[in-house]
Structures are given as C-alpha cells and as structure tokens.
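[1] with the sequence up front, the predicted model follows.
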Amino acid sequence: MYILEGVFRHVRTMDYPVLVPRYETEITYPNSHTPSWKVQAEYYEGLARSFFIAAPLISIEPDLVIAGKSMRAYYKDHIFRSCTPGDEQYVLCYSDMDRDSVPTFGLHTYQQTAETCAIVIGLAASKAEIWDTYSEEEKNRIASFIRDYAEGTTATQNWRLFNMLDLAFLSMMGYEIDRSIMREHAQAILSYYAGDGWYRDGHSFDYYSAWAFQVYAPIWCRWYGYENEPYLAHEFERNSNELMRTYSRMFDENGHVTMWGRSSIYRNAATAPLSANLTLRNPSMNPGLARRIASGALMQFFGRDDLLYEGAPVLGFYGPFTPMLQGYSCAESPLWLGKAFLCLELPVDHPFWTAKEENGVWEDMKEGETRESVLDGPGLCIACHHDNGTMELRTGKVMKSADDSNGRWCYAKLSYNSRYPWEPDLPSGLSAAAYVVKEPDISRTEQINTILWSGMRDGVLYRRAFFGFDSSGDMHWTSVIDLADFPVARGIVRVDKLRLFHKPADIYLGSYGFPCPDAEYRVVEHGDAAAIIITGTGSDGQRRHMAMTVFGGWDDLSVERSSGTNPDTAESFIIFAHASRKKVFSYDPYILISQVITREGEDGFGEDDVFSIDEISYTDKEQCGGYGPVSIKMRTGEIPVLISAESKGS
C-alpha cells in the first residue's frame, strides 16, 4: 500500500495512466530514439507492473482505495482501455505493430509482450473482483488482445514464459488455445536449463533465472502444466526444488540481495522464487526461511530514505544510479519488484505466514567458517561468511563484448559482495573488484570481458579471465589471467597467474568500492607482505572496515577516491594493488597473491586477519611461479592449499 500510495500520487484522475516523474531521459525510454509504438509501451509498463502489487491487495481488500481512487475500478477500466483501439491509452496490438515494424534478428518483438504476462497474473489473482465483473464482450476483447501477443513472435529466452502464461490464462478462462505453440515454448524453456536450478537467459546467467524462469514456471504448472503437460510440469517443479537447495544462500545474513547482473532495478524481486516454490504440489522450500529472506530483502531497500523519487522507486539499486541502467527500461520498470508481493496470494494460514522464522545456513555456521556452494551448471560459487555476514559471489561462464562496459560491470567482476556493490570504471581506467592491464607503449587499457569456468578442486575455485576477448581472433594474442581463489573468514584470497602476450604492462587489481565518504586509511607491513586498512562510517551509520593485502608478485598499494561511482554513497574509496612488467620475454614473477576482507562494527582486524598467509612455496627455484604448483599455508594451521599454475578454464 505504501508503494501504491507513492505511485498513485501522480495519477491525477481516474482517467490518467500510471506514469511517475522522470529524472533520466538519455538511457531509459522513451527518448529521442524511441519508436512510436514504444511510447505506448511505457503506459503498459506502469499499468501492468503496478498491477503486480495491486492485484493481490484487491483480492484481499476489494474496496481498497489508494490516493482517493478505487483500485478495483481503476485497474478494471484501464486494462480494458489498454486493449481498446482509439483510446488514448491503447497500447497497440501485436498484429498492428508487426505489419509496420522492421524485424530485429529476423524477429518482431515488443515490450508489450512482457507486460501482458503481468496483466494476466494480476487478473488471475483478482479474478472475482475484476475479471468476473467484465461483460462477455469485454472479456472477449481483452482475450483477443492477449491472444495476439501470446501467439506472436517473442524473444527466444525468458520471454517465452510470457507467451506461455498468456496462453495458460486464456485456457483457464475457457478459451481455446493453440497447444502446439504452448508446447514449443515450454520445451524450449526446459532446454535452457543448465543444472543446479538455474536456467540460461540467452547468453547469461543472472537473476532472470530466478525472477522469470523460477516464478513464471511454477505459475504455469498450476494454471496449465499439471493438468495438460504433466511431464513438463514435473520437470519444472523438480528444477524449482533443485534451486531451493542453495538459492537461500544467495542472500546474506540480513536477507540482502546482491547487486549483480542486468536489471538490478528489480531489487527484492529476487525473493519471489521462494514463495513461488511454495505454490507447487511438492515444494521443498522452508517457509520460515522464505519469509525471513523476503522481509530482509524488502527492508534492505525500503528501509532507506533514498530509494524513492517523488514516491516511486528510482532507477537504481538504492538511490538513482545511471551506470547500471539499460535502454529497455523506463521510469516505471522498477515496479517489477512487485513480484516479491505475489506471496500475498498464499492463504493467511499458509506456513509462509505462520511458520517460525529461520535463517538457514547462517544459524548453522561456526565462528570463522565460510560455507561455499559450487554450482557448475551456471558457473557460480556462493560463499557465505559467518564472521561478517556477507555473501560473496564468484561467477564464470561470462562472455561479453569488449566494448560492452555495462555488461562487464554486471557480470565480469572477479566477485560480487552483498554489502559492497559493484562500481563502474573510474576516469583513470581502473576498476573495483577487477583486473586492469595498461600497456603504456601503445596507450592501451584492457579490461576483462570473458571469464571461463573450471570448477573447484580441493577448496580452490579455478577460472580463466580474458582481456578484450574476441572469438574471431587467435587466443595467443589475448592477455589472460588464470584465476585461483579461496575464502578466508571475512573475504577471499587470490593466487592468480599472469599470461600477458604484450609488455611493458602495468597490472592493477581493485578492492571493492568502500562506501564511506569519511574514510581514513593506513598502510601496515609484515615481512614481505603489505596491506592498506581503510575504516569509515557507512550510509547505515555503522562502522566499516576493509583491508587489502598483497603477499607476492605486486609492487605497491594505493587508494583512489571516487565520486558518483558507488550506488550506496556519493563518494567512495578503492584500494588498488599495482605490478609492473617491463620486458616481453623475461622470466619475471607470474603469480599475484592478494586478499580482500571486510568487517562491520566497532572492532577492526587482527594481524592474523590481515596477514592470513603464513608461508608461500613455489616449484621453480626463481620463485616466480612460471610452472608447477604454488603451495599456500595459512596462519590458521590449515593443510596447505595447492594452487596449480596450469589451471584450465572451460
């Protein structure tokens, strides 16, 4: 109700569309590059995505009034108007647009297809209050409009689910559908499954696997699959249950979502698969844990005072944040977070509402423990750190164009942290949580755009990172870093091997962005190792601490202050490690060993935290790590971890 109040303060009359004030007009649509049909799409996004939030409330409270407007009357009227040619809020049918559009990749696809799915989910949730009150003629007009999109061309990724739910809704409401189209889409969705509960969304793995595949597929099972396609429904249910085995670990001790992948403006929609699983015939999700995470993620965002712009969720993760935006979004797009409220469709006596809250893995771990989940299907490693409550996500199976900076930031960082969100490149060309190679003789700066996955062996995660990778070129002319990393109590240790084909080169590695404008730092040394420890006060008023330590292969450490690159605060600090390699053919140190750890609260780090490595042993007599394993012995007395310098990425 709070969200709807903020949105509907801008809906001037019962005739006015759901549009919220805009402050960004260059990246998001509509703008000067927007085709005429997509101007209407903004009306539909506002209507459909706010309906995600309103529909369950209307079902619970049919006479709900927001900002002086009857929600039931408003949505009943505007849904019909959106389907009515000649109305100023008519959002255009698929067939009309298809006749006049130039196809992309041989396909005609329109934003309206995505929004029809939200409309039918809302109509199903408020069936008695809205759908059943339409006349037969009105129902038929809406159904005809929905069918046009359901049977039209769609993007061959998660969008197929939009068509599937449109068709399933029509079938539920007694309309004949083309079952061949339904079956084609359903088998394709199933073919995108990669394992461990994750679906591939086009070329990538990200939260779309959760808030699209693992929300819409369970709805499809209930509406259509169990009765009409039992085999497919069983597979979708099995995949949902497989996701539930580890998905709760994607959220930190506070239930917070990590800024990772595209469309992070959807925020706590990432919790929607938890309650969606509970609607299946044979769910596996712990309902008390599901509610705990849903509440934690909700307050992660709505507990802040910068989330809203004139009452509506902003285009950002916390406050407005332009670097994370994509051109397919508009000012109303963040309302997709309304998926998190589909849990309101669960009955009041459902265990989701009545079970005692639990906190899953966070209740089971001991002091100093990190619990890892390695998912070879999507190429993800989830690390939950007991001592600081953070979740760190390391990704693989990433391939972005060298000129796709937004793609690099969203997918190709070395790791993503639930409390230290990613930052874009700095004006200097350096980047947080990423390697950067600068080649001064040819004035070139190279960034990682591809990360291949080799999995975990003996507690070490192996990946291979490529700088400016282009599949049409020979890999011998591409600089590479073999990544080998493992967790410590409050962070990650990296033991990475350089494979540079061009020198001279300067190599830089950034810590996470440190979102504390008042931060102060100091340099400490221990033997051959050095560290920078930085301390400040976060936006939540808590003291924060970060330390970056270099143990081998590096020349020096520095700190750079940045403005406007952190989604949490206006100013931030990043620690950088630097190493220089002068000659192309010279047997110099190949292994770069570093560590980044974080902590919150008044207490800082002890020496054993900052300088966690006790001993480093190389195979080669020069101790450069050019060949053979590198053995790392930790101060905690653990068995030495063997890092293979010949690790392969796949």
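    Okay, I see it.
[2] going forward, measure contacts between C-alpha atoms and count neighbours the same way
    Noted.
[3] and the pLDDT at Pro62?
    Predicted confidence (pLDDT) for Pro62: 97.
[4] please begin residue numbering at 2 from this point
    Sure, I'll start counting at 2 from here, so that last one is Pro63.
[5] count the residues that sit near it.
    Neighbourhood size, Pro63 [other CA atoms under 10 Å]: 18.
[6] which residues are contacting stretch 428-435?
    With contacts defined as CA atoms under 8 Å, 6 or more residues apart in numbering, stretch 428-435 is touched by 414-417, 423-426, 437, 446, 449, 509-514, 575.
[7] ok, stretch 387-396 next?
    250-255, 259, 363, 366-371, 380-386, 412-420, 452, 490-492, 599-601.
[8] can you show me the CA trace of that stretch as PDB?
    Provided in PDB are the C-alpha atoms of stretch 387-396 (Å, rounded to 0.1, in the frame of the first residue of the first chain):
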ATOM      1  CA  HIS A 387      29.900 -16.300   9.200                       C
ATOM      2  CA  ASP A 388      32.100 -13.600  10.700                       C
ATOM      3  CA  ASN A 389      30.900 -10.700   8.700                       C
ATOM      4  CA  GLY A 390      27.500 -11.900   7.500                       C
ATOM      5  CA  THR A 391      28.300 -11.200   3.800                       C
ATOM      6  CA  MET A 392      27.700 -13.300   0.700                       C
ATOM      7  CA  GLU A 393      30.400 -13.200  -2.000                       C
ATOM      8  CA  LEU A 394      29.500 -14.500  -5.400                       C
ATOM      9  CA  ARG A 395      32.200 -15.500  -7.900                       C
ATOM     10  CA  THR A 396      31.000 -16.100 -11.500                       C
END
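[9] mean confidence for that stretch?
    Stretch 387-396 comes out at a mean pLDDT of 98.
[10] what's the answer for stretch 565-584, then?
    Rounded mean pLDDT across stretch 565-584 is 97.
[11] ok, now stretch 540-547?
    96.
[12] tell me how far that stretch lies from the chain's centre.
    23 Å (CA atoms, centre = their mean, to the nearest Å).
[13] hmm, back to that, in strands, which of the contacts of stretch 387-396 appear?
    Taking DSSP state E, the ones among the contacts of stretch 387-396 that sit in strands are 371, 381-386, 417-418, 452, 492, 599-601.
[14] quick one: low-confidence parts of the stretch 502-651 of the chain?
    Within the stretch 502-651 of the chain, the segments meeting pLDDT under 70 span 640-642, 645-651.
[15] go again with 50.
    646, 650-651 (pLDDT under 50).
[16] need the helices for it, in chain order.
    608-611 (DSSP state H, counting those that start in this stretch).
[17] domains in this structure, as residue ranges please.
    With domains defined by automatic domain parsing, the chain comprises 3-362, 380-644.
[18] can you give me the distance of Ile122 to Tyr217?
    9 Å (CA to CA, to the nearest Å).
[19] can you count the residues close to Thr570?
    Neighbour count of Thr570, defined by other CA under 10 Å: 17.
[20] surely it touches Cys517?
    Yes: counting by CA atoms under 8 Å, Thr570 does reach Cys517; the two are 7.0 Å apart.
[21] export stretch 227-247 as PDB, just CAs?
    In PDB, the C-alpha atoms belonging to stretch 227-247 read as follows (Å, rounded to 0.1, in the frame of the first residue of the first chain):
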ATOM      1  CA  TYR A 227      -0.100 -30.200 -14.100                       C
ATOM      2  CA  GLU A 228      -3.300 -31.000 -16.000                       C
ATOM      3  CA  ASN A 229      -2.200 -30.700 -19.600                       C
ATOM      4  CA  GLU A 230       1.600 -31.300 -19.700                       C
ATOM      5  CA  PRO A 231       2.400 -33.400 -16.700                       C
ATOM      6  CA  TYR A 232       5.900 -34.400 -17.800                       C
ATOM      7  CA  LEU A 233       7.000 -30.800 -18.400                       C
ATOM      8  CA  ALA A 234       5.300 -29.700 -15.200                       C
ATOM      9  CA  HIS A 235       7.200 -32.300 -13.300                       C
ATOM     10  CA  GLU A 236      10.500 -31.100 -14.700                       C
ATOM     11  CA  PHE A 237       9.700 -27.500 -13.900                       C
ATOM     12  CA  GLU A 238       8.800 -28.500 -10.400                       C
ATOM     13  CA  ARG A 239      12.000 -30.600 -10.000                       C
ATOM     14  CA  ASN A 240      14.100 -27.700 -11.200                       C
ATOM     15  CA  SER A 241      12.400 -25.300  -8.800                       C
ATOM     16  CA  ASN A 242      13.200 -27.700  -5.900                       C
ATOM     17  CA  GLU A 243      16.700 -28.000  -7.100                       C
ATOM     18  CA  LEU A 244      17.100 -24.200  -7.000                       C
ATOM     19  CA  MET A 245      15.800 -24.200  -3.400                       C
ATOM     20  CA  ARG A 246      18.700 -26.400  -2.300                       C
ATOM     21  CA  THR A 247      21.100 -23.400  -2.500                       C
END
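[22] off-centre distance for that stretch?
    For stretch 227-247 - counting by CA atoms, centre = their mean - the centre lies 23 Å from the chain centre.
[23] what of stretch 162-170?
    The answer for stretch 162-170 is 24 Å, by CA atoms, centre = their mean.
[24] contact partners of that stretch?
    Contacts for stretch 162-170 (CA under 8 Å, 6+ apart): 114-115, 117-118, 121-122, 125, 147-148, 150-152, 155, 178, 183, 186-187, 190, 213-214, 217-218, 220-221, 224-225.
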